[in-house]
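**Student:** quick one: sequence and predicted model below, then my questions.
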Amino acid sequence: MTEPHRISIAVNGTPHDVEVEPRRTLVDVLRHDLGYTGTHVGCEQGVCGACTVLLDGEPVRSCLVFGVQADGADVRTVEGLGDQEHLSPLQETFSSAHALQCGFCTPGFLMLVTAFLRDHPSPTDAEIREAVASNLCRCTGYQNILRAVRTAADAAAPGDDPAGEPS
Amino acid sequence: MAESARWVGTPVRRLEDPRLLTGASRFVDDLEPRRVLHVAFARSPFAAARIDRIDRAAAHAVPGVVGILTADDLALPGLRPVLERDDFTVTEMPLLARETVRHAAEPVAMVLALTRDAAEDAAEALAVEYDATDAVSSIERATAQGATAVHEAAPGNLLLDAAMYDHDELDAALEAAEVVIERTFTTGRVTAAPMEGRACLAEWDERDRRLIVHVSHQIPHLVRTTIADLLGLPEQRVRVVTPDVGGGFGLKCVVGREEILVAAAAARLRRPVKWIEDRLENLTASFHGHEQRYVVRAGFDAEGVLLGLDADIACDVGAYACFPFTCGVEPLMASTELPGPYRLTRYRARGRAVATNKPPIAPYRGVSRPQITFVMERLMDIAARRLGLDPVEIRMRNLIEPGEFPYRSAAGLLYDEGSYRESLQRCAAALDHDGWRTRQADAREQGRLIGLGFSCFCERTAYGTPAFASRRMAITPGFESANVRMDASGGVTVAVGTLSHGQGHETTFAQIAADELGMRPEDVRVVQGDTDTTPHGWGTFASRSIAIGGGAVKRAGESLAAQIAAIGAHLLEVAPADVVLSDGAVSVRGAPGRSVAIADVARTAHHAAHRLPDGAEPGLEARATFDPPGTFSNATHGVEVEVDPETGAVAIRRYVVVEDCGVLINPTIVDGQVHGGVAQGVAAALYECLVYDEQAQPLSGTFADYLIPTAAEVPAVEIHHLQTPSEHSATGAKGMGEGGAIGAPAAVANAVSDALAHLGIEVETIPITPENILAALRESRADVPVGGTP
């Protein structure tokens, strides 16, 4: 049961080979084996979404995915969005809309919304609310997160990916 | 000294955001030193039990296990929080249960292993023989005749029984009152549930022979004192660091036993030890709050004027008192502030802290103010209905008026100036209260149940030493300190004893300092959360930081500005009174062309001390403390709801807050605090409750059971600001971190009651669950078929 397996995953474009126990979750692989600590663990129960990353482009709760399931996959984490000097458009709107307070849940929301805006470049407010309701935040009351997503969607020129690359 | 306020009051974008948005932040679990051992706790499955035997063989056999520690191994004293009052019973919270278990999930042994997985496997394998006994699971059972004592020292399960006020005219006034409302109100057990749970990493630094403890906490200096005292170390041998903290809401302003245990294990084993609370532990084994019962009698005259109030307040404080605030925190706060913003002289209160076999309470956002506001505001609406008065009108007849400040409350508190009546009027206008009854009648015609509810409250914030001293805690918090220094390049570092964990102090304190120094917020670096580099302080809780910590920053900034002005004036060959600091320069008043850059003043102070004026010390540094008596914020919340008669669900259609926290330092951040507070208050009103069964077993162990609301449930909040400057704070600001959570439960409960009033339904308990509403609808005598339209 605890015999390690060797897996290969690419994180934000960088390939990694790592040995993991079958029961090790993807979030533990990312955080503790590979050092991508920007992804946070909020409940390990699959409810809060703080650990949301993109697995082959789709948002997943990385506490509910085993590392071995990500063998051969392309994983995107918050570290792949933009750095402190070059925030991505979405990160910019989160800051300008005051959509974060303690910041613990923020990476999960950013990854969730990155995929959402890619798939819904012109979302309705109801669609935004439904998407944002996937994750939990204890500080903001969500109002400014909804505003940030609306702003990011509206700011993107037609045809642009609103989540976008760092400016 | 600076020309004019420039940054205070403006929506400066937060300086802490970039690291939090990019994963460059650093929380405790992000730290992973070499040779670290991971901790899992073996916790009791019973709420009340004797521990007969612990057999470690199976646990030791788990690969990777390095050590198992029990109470006998550690032989450390427990936490003994003390109130210096005759009506308080001191009890001890053992770090690990030794012979007696007093609540489910109480830690019994600490397992240390090379991985967390191994530690958890071993904690599960540890064989503990328990002899379970009958658990005390509620206030009613704890206070019943012959109830089992949770602590031998408190045979009646009352850890505090405080008769606080007893006005001699109260009984006569209630006798003579036109209307006497007698009710029992109850509020459910909730918890802060920050997205980051508690977390601790302790390392023994052999080079300096001391402990370095990284902890997710709101008061690092308190953690240092507690660890040093319990381990018998001088404080200089303990360094406590709080890196980024993922929310607290009060949960992290008390010192938990796990943090002490991790530090003790690191000191004992001489290697790093780490414990990260998981969500099950956070919900079942940390600290809770707000489970209270109020038996009240309130008398009103025919005009709706409140004549007297008699309150019997009981708080289910769980099995232990929290350190250092004690289990008195809720009943004392409730008794002292129950009268709220209303004129009242005849008042009696009895506040009890009732021990049960449930986890202990800690201060949680609002600390009894959400409950007392719920009680007072329900009383106002019930009295209005009995007297045929409008809910806004009865409040206007009772709210303290502008000319009455400073107002001495029935509990002896001195309220400074507030905008109690104006906030209500503004809120009522924003919700078009005048047209409400027509709209409601129209809706009822269509079979829809809509309701409008208000809540008015005032809250003491910025408790300084005198306010805390009146509570008679053996450890008395209150003051705050700040060190402000300028380096040789002109950069400013502000070191504070407060601890921002989402409140944005790196920005707001920088705004305050920048105004004093004539610089920009981005020139100011705010340092917090390290007992090696920050002055002694009391962290961030109880809506204290901006008023108290901000006051210390302002005072220290003023002092540093005076030093800069003196040197600048000397270099400009004018008198210090003739210069001003602005835009990064010291300039001659009225002659802005004659100036010297503040950066050049800084160079001179450090690198050319021979050019300083007589009497000026080399370097640029100032320290200040601030310690106000406390200042009262106020607000009115108004909410419009719709109740679905088929499902019992409550939907919030509009939510308006008119709040007054004095001078706004950063309006964007204030709004964010209100949004988040309202979300937690709405949650307590409608969704969240930690359910325990008859044997005090927890039934809410996941976020699928404990319902933190999502973006689908939390309403948009329309916020209006009034600004009555505080005379007690240096900036004019009042505290405001808790207000959103305080006003929401009452407003929602009043709105739901209004929606159902014609059916004879009145809310007396929160949370208001769909099940409760459906049951009430079924019981109501009205001819509305439940599950259908009339």
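**Tutor:** Right, received. Where do you want to start? Residues are numbered from 1 along each chain as shown, chains lettered A, B, ... in the order given.

**Student:** low-confidence regions, chain A specifically.
**Tutor:** A:1, A:157-167 (pLDDT under 70).

**Student:** can you tell me the centre-most residue of it?
**Tutor:** A:Met111 (2.4 Å; C-alpha atoms, centre = their mean).

**Student:** residues in contact with the closest residue to chain B within chain A?
**Tutor:** Nearest residue of chain A to chain B, counting by C-beta to the nearest C-beta: A:Gly38, 1.9 Å away. C-beta coordinates here come from the backbone N, C-alpha and C atoms, glycine included. When contacts are counted by C-beta atoms under 8 Å, 6 or more residues apart in numbering or on different chains, A:Gly38 touches A:Thr77, A:Val78, A:Glu79, A:Pro107, B:Thr22, B:Gly23, B:Ala24, B:Ser25.

**Student:** and B:Pro466, by the same measure?
**Tutor:** Residues B:Gly478, B:Asp627, B:Pro629, B:Gly630 are the ones in contact with B:Pro466 under the rule C-beta under 8 Å, 6+ apart.

**Student:** quick check: closest non-adjacent residue to A:Asn12.
**Tutor:** A:Gly80 (3.3 Å; C-beta to C-beta, 6 or more residues apart in numbering or on different chains).

**Student:** kindly report the same for B:Tyr130.
**Tutor:** Closest residue in space to B:Tyr130, ignoring its immediate chain neighbours: B:Ala49 at 4.1 Å, by C-beta to C-beta, 6+ apart.

**Student:** picking up where we left off before, what residues are up against the residue nearest to A:Asn12?
**Tutor:** By C-beta under 8 Å, 6+ apart, the contact set of A:Gly80 is A:Val11, A:Asn12, A:Gly13.

**Student:** coming back round to it: looking at the contacts of B:Pro466, which are in strands?
**Tutor:** Applying DSSP state E to the contacts of B:Pro466, no entry is found in strands.

**Student:** nearest to chain A within chain B, name that residue for me.
**Tutor:** Closest point on chain B to chain A, by C-beta to the nearest C-beta, is B:Gly23, at 1.9 Å.

**Student:** A:Gly82 is in contact with that residue, correct?
**Tutor:** No - in this structure, B:Gly23 is not within contact of A:Gly82 by C-beta atoms under 8 Å, at 10.2 Å.

**Student:** identify the bridge partners of B:Val179.
**Tutor:** Taking DSSP bridges as the rule, B:Val179 bridges to B:Phe300.

**Student:** next helix or strand past the host helix or strand of A:Ile128?
**Tutor:** Using DSSP states H and E, A:Ile128 maps to helix A:125-132. Per DSSP H and E, the first helix or strand lying C-terminal to helix A:125-132 is helix A:143-155.

**Student:** so for that next one, what gets flagged as buried?
**Tutor:** A:Gln143, A:Asn144, A:Ile145, A:Leu146, A:Arg147, A:Ala148, A:Val149, A:Arg150, A:Thr151, A:Ala152, A:Ala153 (16 or more other C-beta atoms under 10 Å in any protein chain shown).

**Student:** near chain B, which of those residues show up?
**Tutor:** Cross-checking the buried residues of helix A:143-155 against chain B (C-beta under 8 Å from any C-beta of the partner chain) gives A:Gln143, A:Asn144, A:Ile145, A:Leu146 as the overlapping residues.

**Student:** what residues are up against B:Arg653?
**Tutor:** B:Ile450, B:Glu640, B:Val641, B:Glu642, B:Pro715.

**Student:** which positions in the stretch 101-250 of chain B make contact with chain A?
**Tutor:** Going by C-beta under 8 Å from any C-beta, the residues of the stretch 101-250 of chain B near chain A are B:Asp117, B:Ala192, B:Ala193, B:Pro194, B:Met195, B:Glu196, B:Asp244, B:Val245, B:Gly246, B:Gly247, B:Phe249.

**Student:** could you chop chain A up by domain?
**Tutor:** The record's domain parsing of chain A by automatic domain parsing lists A:5-78, A:89-155.

**Student:** distance from the chain centre to the last one, please.
**Tutor:** Taking the mean C-alpha point of domain A:89-155 and that of its whole chain, the gap between them comes to 11 Å (C-alpha atoms, centre = their mean, to the nearest Å).

**Student:** then stretch B:35-54?
**Tutor:** On C-alpha atoms, centre = their mean, the centre of stretch B:35-54 falls 29 Å from that of its chain.

**Student:** ditto for stretch B:273-283
**Tutor:** Distance, centroid of stretch B:273-283 to centroid of chain: 20 Å (C-alpha atoms, centre = their mean).

**Student:** pull the number of nearby residues for B:Cys689.
**Tutor:** Neighbours of B:Cys689 under the rule other C-beta atoms under 10 Å in any protein chain shown: 23.

**Student:** what sits against the residue nearest to it when sequence neighbours are not counted?
**Tutor:** Once flanking residues are discounted, B:Cys689 sits nearest to B:Gly188: 3.9 Å by C-beta to C-beta, 6+ apart. The contact partners of B:Gly188, by C-beta under 8 Å, 6+ apart, come to B:His290, B:Glu291, B:Ala684, B:Glu688, B:Cys689, B:Leu690, B:Thr765, B:Ile766, B:Pro767.

**Student:** for B:Gly188, give its distance to B:Ser138.
**Tutor:** In this view, B:Gly188 and B:Ser138 are 12 Å apart by C-beta to C-beta, to the nearest Å.

**Student:** let's see which of the contacts of B:Arg653 end up in strands.
**Tutor:** Reading strands off the contacts of B:Arg653 with DSSP E, I get B:Ile450, B:Glu640, B:Val641, B:Glu642.

**Student:** right, and the last one touches B:Arg444 too?
**Tutor:** No - counting by C-beta under 8 Å, B:Glu642 sits too far from B:Arg444 to count as a contact (11.4 Å).

**Student:** what is in contact with these two at once?
**Tutor:** With C-beta under 8 Å, 6+ apart, B:Glu642 and B:Arg444 have common neighbours B:Ile450.

**Student:** mark out where each domain of chain B begins and ends.
**Tutor:** According to automatic domain parsing, the domains of chain B span B:17-24+B:479-626, B:31-133+B:192-284, B:365-457+B:633-779.

**Student:** quick one: the shortest one to chain centroid distance?
**Tutor:** Think domain B:17-24+B:479-626. 29 Å.
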